[in-house]
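K.L.:
build me a model from this:
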Amino acid sequence: QVQLVESGGGLVQAGGSLRLSCTASGRTFRTYTMGWFRQAPGKEHEFVASISRSGGSTYYADSMKGRFTISRDNAKNTVYLQMNSLKPDDTAVYYCAAREGTNIYYTTHQKYDFWGQGTQVTVSS
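P.N.:
Numbering: from 1, shown residues only. Model (predicted):
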């Protein structure tokens, strides 16, 4: 089992940037595929991005491509989400998640096994 703690959320103006971090407990972080999801008020969980165990492969939702970058540092048990050119529609609670399989192409939250508590990102217009 792994515990996940997100940080880095906040209030930013449209066009600005934020970097989210998610730190995992335990020594098995490198064995998990990691993902970021978000949930806006009244909406379902939305897939943002995922990254393979080694960090060598990444996958993005179409609307995030070119603006968001997922990365990980296995030595620090941390996965990151760099978000640039933020829009008001990006406002949501952002969650990191871990799954025990190797497939990075799952985009439904049910495929992920462990979740953080979320961090709020608010983009003002």
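K.L.:
make it CA atoms for all contacts and neighbour counts henceforth
P.N.:
Noted.
K.L.:
was I right to think Leu20 contacts Glu6?
P.N.:
Yes - between Leu20 and Glu6 there is a contact at 7.0 Å, judged by CA atoms under 8 Å.
K.L.:
give the contact list for the closest residue to Gly116 other than its chain neighbours.
P.N.:
Counting by CA to CA, 6 or more residues apart in numbering, Gly116 lies nearest to Leu4, which is 4.5 Å off, once chain neighbours are set aside. Leu4 makes contacts with 22-25, 96-97, 114-117, as judged by CA atoms under 8 Å, 6 or more residues apart in numbering.
K.L.:
among those, name the ones in strands.
P.N.:
Those of those mapping onto strands are 22-24, 96-97, 114-115, per DSSP state E.
K.L.:
in TSV: the residues you listed, plus neighbour count.
P.N.:
What follows is these, written out as TSV (neighbours: other CA atoms under 10 Å):
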residue	neighbour count
Cys22	24
Thr23	22
Ala24	23
Cys96	30
Ala97	29
Phe114	18
Trp115	21
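K.L.:
nearest to Lys87, out of those: which one, please.
P.N.:
Nearest to Lys87 among the ones in strands among the contacts of Leu4 is Cys96, at 20.0 Å by CA to CA.
K.L.:
what does the pLDDT read for the closest residue to the closest one other than its chain neighbours?
P.N.:
Of all residues not flanking Cys96 in the chain, Trp36 sits nearest, at 4.5 Å (CA to CA, 6+ apart). Among the per-residue scores, Trp36 shows a pLDDT of 98.
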